[in-house]
Structures are given as structure tokens and as C-alpha cells.
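Trainee: Quick check, what structure comes out for this input:
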Amino acid sequence: MTLANETAKRPFILLIDDEKEFQTAFLETVTEANGDSVTVQLASSAQEGLEIIKENERKSIETCAFIDYVLPDKSGDFIINKINQDYPGSVIKGILISAHKDKIELQKLTKRHDWLSFIPKPLNREEIQNSIDKFIGENSEISCYSLQLDEDTVTYLKKESEEINGLIRRTIEGTIEIGKRLRNVKERLKSSRDFRSWIETSNIQCDYSHALNFIRVYETFDSRKEELSQANIVPSMLYFLAAPSTPEELREDVIDKAKTGQSITIKEAKKLKQKYLEKQENSDDNISKVNKNCDDKPQQIVRVIPNKEKRDKADQNLWKLGEHLVYCGRPEDSRLRQLLPPKVSLIIDFSQEQTLDRNYIFPVDGDSIVTFSSRHKDLDLDGLSNIIRESIFVTTVQQETILFLELPSPKMLLIAETLECKCYVIENNYGRCQQIIKLWNDTYLSQDS
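Mentor: Predicted structure coming up:
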């Protein structure tokens, strides 16, 4: 890729605003979030902003422009009309910003233009970055540049995104083929982070979690696609059947029923799943226990059942949720140490006991450690969950292990599940453990459709 091509494909973010302090804050925010993958341009007047847009258009540079409505020489309306007049059909994206107009007024100003959106001032980091991400996602060449890929891979990804979008229709064959192509892209990119970035910034008509569902369907049912195409089964049922928590016996039962022409809904399949799980819980061979009979092997969990009434007393504080282990107790418990791996990829510490010896609390090594402590009791747990999502995203890859020391929000376990990480949760609050289990069961074992 030549320097000229790199410049043309790099996202150009233009701010047209005469407030110097806001310009400085905007520059710092965008640069901190995107590094060298974007170029930020600043203009203090409408005339200066239009000159930059004109030069960018001459160089075939696609521009995302944040336009203040009140400027010293002209209004934001003037810039909008000028862009419509001089650059019809351009891929310029505009975001009208203002501290003097409310949302209703801004909506009236922007609704006539499909390239224009709005954000009332004051802006926050998330709103700015969401607009930039959307701009990058709508321009596939810019999206590929942001991953810093070679030309062959850029061409390959562009072709695959078009093919995948063409396959997104409600057929068994199309669903399995999408999973195949997505897995091939994931293997081509090698890094799970790059794969997720490509999904989120390309024009693929699915999000990251749905992409993982497609891949699971391919890996589970590719060898049986002809058989399934003749059965009375809808593609959405395949996502449910391909889930790791679905017993193999249940998969076969549903498929056999579908092959005889029976119509099975997701709600009915979930009820069947609950029955299978209850059947497993009642089996003596599947009751939770620690293997204590092997002198030459480390102790390990064979199975832990999330129904506390049907567990042995020794396992009252231990739950297995999918690939995750939830332990109700303290980190220094000797039994817990037998269950933890010697090393994890990420330790997330929400414990407020800052006076304890960390080497004693964590008998495992961690490649990365995130520690959070606050005296405030009314924390924004949704905002905190977003921070944890990003922490997991930047420090782990698929199938790696996370250790949570306390879990203030059960949603954080679902976030780790979505990112395909395995978790060990140490939570001393029994009530909070029950909240974790309830949310997990409601999400994956619910009988409601």
C-alpha cells in the first residue's frame, strides 16, 4: 500500500468549531481513542472548514465532519447547504453539534439529509467515538485500513463481506455458509481482536455475538447441512442447538422430530432443554463432586449443578455455569486453591479489602490485573460493565481465562461469555451469587421465548 493510498483510506475527522478549549478537548479525545489510525483536522470558521473539505474531496479523502451550528462567519446551515450543492453524492458524513439548539430543533435541521446526524452539546467521549465508528463502518476501505492490513487481505475482506451479506437470508444452507466464511475470515486475521474490530467496523449485517453464533452453527452442523435442509427446522433453531450448553442428546431429539415433519418452536426447545438438565441433575453420576480418588492427578471439578437443593453439602458454595465456575467464599479458602489454574490471562479485582496481602489473595499469576475500588455505593453498574468489556477486549483473546474477585454486576459474566472467555468468579456474598445464577439461567435456560 503506497503512502498516497494510505492517506486516502485513513479516516479524516474534521471539527469545525471556533472554541479553542473545545478543539483541544476534541483532539485529545479522538487521538486517545484512535491513535494514529485517524487524522484529525481543526477549523475555526465555516470558510476554513469548507476549504478543508474541498481539499479532501480533491484528494478523494472521505471526511467525517463535526459542524458547530454557531460559527463566527456563517451558520452550520450554510455549510450543510454548501456541501449539498458542491458535493452531491459524496460520502461525507456530517454531525451537527450545538449548545444553542435542543434535540427537536437539531432533528428538524438534519432529518432532510441522509448524510447528516446531530449531537447536542456538551458532547461526551462515547458519542464522539460512536459517530466515528459508524463513519468507519460505512466505508469498507477505511475500515480495512484501520486494521492496517495488506492489500490482498483488504480485497479478500471486502469480497467476503459482500458474499456474507448476500447470504443473510433465512435458509439453512445460507446460515451454515455464513458461519464457514466468518470462520475463514477469523482464521485469516488470526487475532480475535482484529476479527471483532472487522465485524464492528465493516458493513457486515450482524454484530460480533451473532457472528460467533454463525460460526458455532457451522462447526456443529456443516456435515449435516443436507440432512437439515430437508427437515422442518428454521435457521434460528440452529443457534439454540449449537450453543455449548445444549446437550447432544437434546440436539438429536429436536432434529429427529423436525425430520418427521414436527414443528418445534424455540420456546418448546427450551422446555425440553430444562427437562434434560433436570434429568442430568438427578443422575448420581452427574452430581457435583471434586475428584479425590486420583493420587497422581490434581483435583478437578467433574460437574457442578446450579440447583442448590440437589447438591451435596460440600458443594453448597460451588456452581458450574457453562464453562464458568462461581465460588461463594473467600480467596484464601484452601479448597478454592485446588480449583484455580496456576495462571490466568486477566484478574479483575473488585474487592474492597485493600489491606490484605495481594500475594495471599491471589494464589495464581495474571498476565493483566484490573483493580477497582470506590467509596461510592451508588455506582453506575452499566457504565462499569462497559469498562470491564473494554478491559477484557484489550487484554484477552478467545478461550482465555479471567479471574473475578467479587462481581458487582452479574452482567459482567455474560459479557465474558459473549467474548468467549472462561471465568472463575470468587464472590463472598451468597445473595450476589444467587443473582449471578438467576441471570445466567434466565438468559440461557429460560423457558420463555
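Trainee: Ramachandran angles for Ser409?
Mentor: Note on Ser409: its backbone torsions stand at phi -130, psi 120 [degrees, to the nearest 10].
Trainee: which residues touch it?
Mentor: Leu381, Asp382, Leu384, Ser385 (C-beta atoms under 8 Å, 6 or more residues apart in numbering). (Glycine included, C-beta is placed from N, CA and C.)
Trainee: For the helix or strand harbouring the third one, which outside residues touch it?
Mentor: Remark: Leu384 resides in helix 381-395, with elements defined by DSSP states H and E. Judged by C-beta under 8 Å, 6+ apart, the contacts made with helix 381-395 from elsewhere in the structure are 193, 196, 345-346, 348, 367-368, 370, 372, 402, 408-409, 411-412, 415-416, 419, 421.
Trainee: With respect to Gly94, which of the contacts of Ser409 is nearest?
Mentor: When these are compared for distance to Gly94 (C-beta to C-beta), Asp382 wins out at 29.4 Å.
Trainee: Look up how far Arg112 lies from that closest one.
Mentor: Plainly put, Asp382 is 34 Å away from Arg112 if you go by C-beta to C-beta, to the nearest Å.
Trainee: Kindly report the same for Ser44.
Mentor: Distance, Ser44 to Arg112, by C-beta to C-beta: 27 Å.
Trainee: out of the contacts of helix 381-395, which are buried?
Mentor: Those of the contacts of helix 381-395 that meet the buried threshold are 193, 196, 345-346, 348, 370, 372, 402, 408-409, 411-412, 415-416, 419, 421, by 16 or more other C-beta atoms under 10 Å.
Trainee: which helices and strands does the helix or strand following the helix holding Leu384 pack with?
Mentor: Using DSSP H and E, the helix or strand that directly follows helix 381-395 along the chain is strand 401-405. Judged by 3 or more C-beta pairs under 8 Å, 6 or more residues apart in numbering; DSSP states H and E, strand 401-405 is in contact with strand 343-349, helix 411-418, strand 422-427.
Trainee: so which of the ones you listed gets nearest Ala269?
Mentor: helix 411-418 (19.7 Å).
Trainee: circling back to that earlier point, now the helices and strands packed on strand 401-405 in CSV, with mean pLDDT and distance to Asp333?
Mentor: Conversion of the helices and strands packed on strand 401-405 to CSV gives the following (pLDDT from 0 to 100; distance: least, C-beta to C-beta, whole Å):
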stretch, mean pLDDT, distance to Asp333
strand 343-349, 88, 17
helix 411-418, 88, 20
strand 422-427, 92, 9
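Trainee: now those in a markdown table, with distance to Leu212?
Mentor: Below are those laid out as a markdown table (distance: least, C-beta to C-beta, whole Å):
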| stretch | distance to Leu212 |
| --- | --- |
| strand 343-349 | 18 |
| helix 411-418 | 8 |
| strand 422-427 | 15 |
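Trainee: and of these, who's closest to Lys74?
Mentor: With C-beta to C-beta as the measure, helix 411-418 is the member of these nearest Lys74 (45.4 Å).
Trainee: okay, the angle between the closest one and helix 381-395?
Mentor: Comparing the axes of helix 411-418 and helix 381-395 via axes from the mean of the first three to the mean of the last three C-alpha atoms, to 10 degrees yields an angle of 30 degrees.
Trainee: List the contacts of helix 411-418.
Mentor: Residues outside helix 411-418 that contact it (C-beta under 8 Å, 6+ apart): 208-209, 212, 321-322, 324, 326, 348, 381-382, 385, 388-389, 392, 402, 404, 407, 423, 425, 436, 439-440, 443.
Trainee: Among the contacts of Ser409, which pair sits farthest apart?
Mentor: Asp382 and Leu384 (7.2 Å).
Trainee: All the strands of the stretch 51-200 of the chain, in order from the start?
Mentor: Assigned by DSSP state E, counting those that start in this stretch, the strands in the stretch 51-200 of the chain fall at 63-68, 93-98, 116-120.
Trainee: Parallel or antiparallel, list what pairs with the last one.
Mentor: If I follow you right, that is strand 116-120. strand 93-98 (parallel) (DSSP bridges).
Trainee: Which one of the buried ones among the contacts of helix 381-395 is nearest to Tyr239?
Mentor: Of all the buried ones among the contacts of helix 381-395, Leu419 has the smallest distance to Tyr239: 17.4 Å, by C-beta to C-beta.
Trainee: Per-residue pLDDT of the residue nearest to that closest one when sequence neighbours are not counted, please?
Mentor: Of all residues not flanking Leu419 in the chain, Ile392 sits nearest, at 5.4 Å (C-beta to C-beta, 6 or more residues apart in numbering). pLDDT, Ile392: 85.
Trainee: Also Ser283?
Mentor: 55.
Trainee: Likewise for Pro235?
Mentor: At Pro235, pLDDT is 73.
Trainee: Now for the closest residue to Lys225 other than its chain neighbours, how many residues are close by?
Mentor: Leaving out its chain neighbours, the residue that sits closest to Lys225 by C-beta to C-beta, 6+ apart is Ile176, at 4.9 Å. Look at Ile176: counted by other C-beta atoms under 10 Å, it has 25 neighbours.
Trainee: go on, Lys108?
Mentor: Lys108 has 11 nearby residues by other C-beta under 10 Å.
Trainee: Then Gln129?
Mentor: Neighbour tally, Gln129, other C-beta under 10 Å: 15.
Trainee: re the thing from before, okay, Ser44 and Arg112: which has more neighbours?
Mentor: Ser44 (18 against 9).
Trainee: what sits against the residue lying closest to Thr401 once chain neighbours are set aside?
Mentor: Nearest non-adjacent residue to Thr401, counting by C-beta to C-beta, 6+ apart: Val344, 4.4 Å away. Shown in contact with Val344 (C-beta under 8 Å, 6+ apart): Val364, Asp365, Gly366, Asp367, Glu400, Thr401, Ile402, Leu403, Tyr424.
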